[in-house]
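Visitor: below: sequence and its predicted model.
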Amino acid sequence: MNPNSATGGDSAPDTSRNSAADTAHDLVPTEVKRATPASALGPAPTSHSTSDAARHLSLGAAPNSAADAAHRPTPGATANSTPDATDPSALDAARRDRELRALGDAPEVDVLVVGGGITGVGVALDAASRGLRTVLVERHDLAFGTSRWSSKLVHGGLRYLASGRVGIAHESAVERGIMIARTAPHLVRPLPQVVPLLPGLGRAERTLIRAGFRAGDLLRRGAGTPASLLPRSRRVTAAEALRLTPTVRRAGLSGALLAWDGQLVDDARLVVTVARTAAAHGASILTRVEALEVTGDAAVLRDTRTGETMSLRARAVVNATGVWADQVDPSIELRPSRGTHLVFDAAAFGATTAALTVPVPGSVGRFIFALPAPHGRMYLGLTDEDAPGPVPDEPAATDTEIDFLLDTVNTVLREPLTRKDIRGSFAGLRPLLRTEAGDTADISREHAILHAPTGVITVVGGKLTTYRRMAEDAVDAAVRAANLPARPCATRRIPLVGAVSGAARDRVDAPPILIERYGSQAGAIHDATRTDPTLAEPVAPGIDVTAAEFAYAITHEGALAPEDLLDRRTRIGLVPADREAALPAARAAFATASAIDRN
Ligand SMILES: Cc1cc2nc3c(=O)[nH]c(=O)nc-3n(C[C@H](O)[C@H](O)[C@H](O)COP(=O)(O)OP(=O)(O)OC[C@H]3O[C@@H](n4cnc5c(N)ncnc54)[C@H](O)[C@@H]3O)c2cc1C
């Protein structure tokens, strides 16, 4: 599917429109100085003993020079660039081990980033592209945390206008425009969102939604994003509404309101792509490395694959651990709130490529969404439930949330969906920040930069859409605090790996489904299937992922274990039955990779 096709026009992104991006800079003051007394701080909590820290990592070659790498062209910025052993964005186990060994040799960097979600990888890209020697550590895999449990939307910020937060709304619209037009046109597509006009929706609500959509159009224009990239909102006929959302009730349907927003091909894929772009600029991206005993200028790093530890000094330490941020900086108090999605077959919603937006009965301005998703699926979300207690690695949906989502969507469907239709579910946690006055501040959409008494700089909250701006603010804070010799932020002009659009996209020699996922890198994956036709085989019957994609994830996308392939490089794992079916292929891909390494 061509991202431009949904707009109904052949509209190549207009990369000459810099004005929106350029006005973004001064909008949201997010830096908060924290006055927590040092006595309130305990040692950084850790579940792992570091008493065996003497077993230091062995020595190796020096890591890439960040300063040199910052001047290299970003790979994938042009169509059909061929990833190979010399691709500086390629992440694999050998590079991880080499860079870890090198750190043991020279354990001092400019910036240590803790956390490999969208916030951390954004910070790593920002810092490395300013010429700072940057290391990112993630204790599990890239996108292991909240960044893979989102609704996968690149929001224009409309919902913030309702609460009068004009600054954050504008910031979201600007960042959405930067991604669609310049940095990630291959990963974000225009998504039509349909609100069916059924008798249950009162006149006042219709007027309110229409006014909201018009405000969204103004936001888009104010951010400099042309209607050729994201069309204007409008009212459509009942026939058009049924074409876009075929399973909606016909009785009493008088039409629909239609608006457009951005949709990511996948959130975890965005994280991996930003991480690779950071690596191309010289950052070391080290997964399965946990940061322990984190202070403002040092941390103990533990390789979770071997148990080995080492001490690293850093001129600045950025804590980007999301809902776990208070474990790294105990001066912060977070309270999570859970958002849940259910997974259906696309057929349950008539295999549409549009989103169905359903007002929640009895509430004003609250909606749930059915969103078209990869692998022939549809995601239905979203809840917002208080989730006190310890933060789990993988939050789970509750029965109440499942009932709420089914009951709400069934208010507009011709044939009600039942629990039997559900193929899977996923849930993520938003961090709410407890303020010094004892209240909680909703930073789940705005972000905060917090300075701990230890010197650690925490960046928390926000959203995928604004990751670039969050990273810029965090690195600005680090540069100021540690007096780092950094160039100004340049990320609004750095295309992510694989970025391609318009005519260049049309020239990528690969099937559309690969181009949707990998942009200009799709050509190389497709080439591999020509050389070895077995790589063109699906990883399990009925699943639209090939063995070539698993192989590429191992050689280029930093996948270190079968679960990385199933749960983050692809989203096969969201449906447990599919996960089981594809597990043998995921294991086989690693067996083949190690056989190649041995030869
Ligand atoms: C249900 C839901 C839906 C959402 N939908 C959208 C949406 O549609 N659009 C949008 O723009 N935003 C959305 N968001 C917001 C967005 O998903 C989050 O803001 C974002 O993913 C947070 O990313 P993060 O990097 O800060 O945290 P995370 O993704 O949680 O990353 C933190 C990482 O830190 C690692 N870590 C923790 N401790 C350590 C340690 N000691 N050492 C090393 N690593 C460590 C964790 O393993 C984790 O990978 C949604 C959020 C939720 C909850």
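Guide: All right, it came through fine. Residues are numbered from 1 along each chain as shown.
Visitor: next one: Thr458 from Asp329, what distance?
Guide: 5 Å (CB to CB, to the nearest Å). From N, CA and C alone the C-beta is placed, and that goes for glycine too.
Visitor: can you tell me the SS state at Leu496?
Guide: coil (DSSP: H, G, I helix; E, B strand; the rest coil).
Visitor: can you check Val364 too?
Guide: coil.
Visitor: phi, psi for it please.
Guide: Dihedral angles of Val364 (phi, psi; degrees, to the nearest 10) stand at phi -100, psi 130.
Visitor: my read: it touches Leu201, true?
Guide: No: using CB atoms under 8 Å as the test, Val364 is too far from Leu201 to be in contact (11.8 Å).
Visitor: now do the shared contacts for Thr458 and Asp329.
Guide: Common neighbours of Thr458 and Asp329, using CB atoms under 8 Å, 6 or more residues apart in numbering, are 319, 450, 452.
Visitor: just checking, the last one touches Thr458?
Guide: Yep, that's Ala452 we're talking about. Yes: between Ala452 and Thr458 there is a contact under CB under 8 Å: 6.5 Å.
Visitor: more neighbours: these two, which one.
Guide: The neighbour comparison of Ala452 against Thr458 (other CB atoms under 10 Å) goes to Thr458, with 28 against 23.
Visitor: partners of the more buried one in the sheet?
Guide: Asn319, Leu450 (DSSP bridges).
Visitor: and the top helix by length along the chain, which residues are buried?
Guide: Longest helix in the chain by number of residues (criterion: DSSP state H): helix 576-598. Neighbour counts over helix 576-598 (16 or more other CB atoms under 10 Å) mark 578-579, 581-583, 585-586, 589-590, 592-593 as buried.
Visitor: count the neighbours of Gly200 for me.
Guide: 13.
Visitor: ramachandran coordinates for it?
Guide: According to degrees, to the nearest 10, Gly200 has phi -70, psi -20.
Visitor: now do it against Ala169, distance only.
Guide: Taken as CB to CB, the span from Gly200 to Ala169 is 28 Å.
Visitor: and what of Gly104?
Guide: Taking CB to CB, one finds Gly104 at 47 Å from Ala169.
Visitor: same deal with Asp578?
Guide: From Asp578 to Ala169 the distance is 37 Å (CB to CB).
Visitor: next one: Gly339
Guide: 20 Å.
Visitor: compare neighbour counts for those two and give me the winner.
Guide: Ala169 (27 against 24).
Visitor: which pLDDT value belongs to the more buried one?
Guide: Note for Ala169: predicted pLDDT of 91.
Visitor: is it true that it touches Tyr160?
Guide: Yes: between Ala169 and Tyr160 there is a contact at 4.1 Å, judged by CB under 8 Å.
Visitor: can you tell me which residues in the stretch 451-599 of the chain are near the ligand?
Guide: Counting by CB under 6 Å from any ligand atom, the stretch 451-599 of the chain comes close to the ligand at 462-465.
Visitor: pLDDT and secondary structure added to those, as CSV?
Guide: CSV is the format used below for those (pLDDT from 0 to 100; DSSP: H, G, I helix; E, B strand; the rest coil):
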residue, pLDDT, secondary structure
Gly462, 91, coil
Lys463, 93, coil
Leu464, 96, helix
Thr465, 96, helix
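Visitor: looking at those residues, spot the one nearest Ala93.
Guide: Among these, Leu464 lies closest to Ala93 (CB to CB), at 26.9 Å.
Visitor: spit out the contact partners of the residue lying closest to the closest one once chain neighbours are set aside.
Guide: Closest residue to Leu464 apart from its sequence neighbours, by CB to CB, 6 or more residues apart in numbering: Ile118 at 5.1 Å. Residues in contact with Ile118 (CB under 8 Å, 6+ apart) are 143, 147, 267, 270-271, 274, 464, 467.
Visitor: most surrounded residue in the residues you listed?
Guide: Within these, Val274 tops the neighbour count with 34 neighbours, counted by other CB under 10 Å.
Visitor: which non-adjacent residue is nearest that one?
Guide: Val121 (4.3 Å).
Visitor: all strands for the stretch 351-500 of the chain, in order.
Guide: 355-359, 367-373, 377-381, 385-386, 424-434, 440-441, 447-451, 457-461 (DSSP state E, counting those that start in this stretch).
Visitor: would you single out the least confident of these?
Guide: strand 440-441 (a mean of 56).
Visitor: restrict the helix or strand encompassing Ala551 to CA atoms and write it as PDB.
Guide: Assigned by DSSP states H and E, Ala551 belongs to helix 547-556. In PDB, the C-alpha atoms belonging to helix 547-556 read as follows (Å, rounded to 0.1, in the frame of the first residue of the first chain):
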ATOM      1  CA  ALA A 547      12.100 -15.800   6.300                       C
ATOM      2  CA  ALA A 548      14.000 -13.000   4.600                       C
ATOM      3  CA  GLU A 549      12.500 -10.500   7.100                       C
ATOM      4  CA  PHE A 550      13.600 -12.600  10.100                       C
ATOM      5  CA  ALA A 551      17.100 -12.900   8.600                       C
ATOM      6  CA  TYR A 552      17.300  -9.100   8.000                       C
ATOM      7  CA  ALA A 553      16.100  -8.500  11.600                       C
ATOM      8  CA  ILE A 554      19.100 -10.500  12.800                       C
ATOM      9  CA  THR A 555      21.700  -9.000  10.500                       C
ATOM     10  CA  HIS A 556      20.500  -5.400  10.600                       C
END
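Visitor: what does that helix contact?
Guide: Outside helix 547-556, the residues that reach it (CB under 8 Å, 6+ apart) are 83, 87, 89-93, 276, 514, 517-518, 521, 524-526, 528-529, 534-539, 559, 564-565, 569-570, 585-586, 588-590, 592-593.
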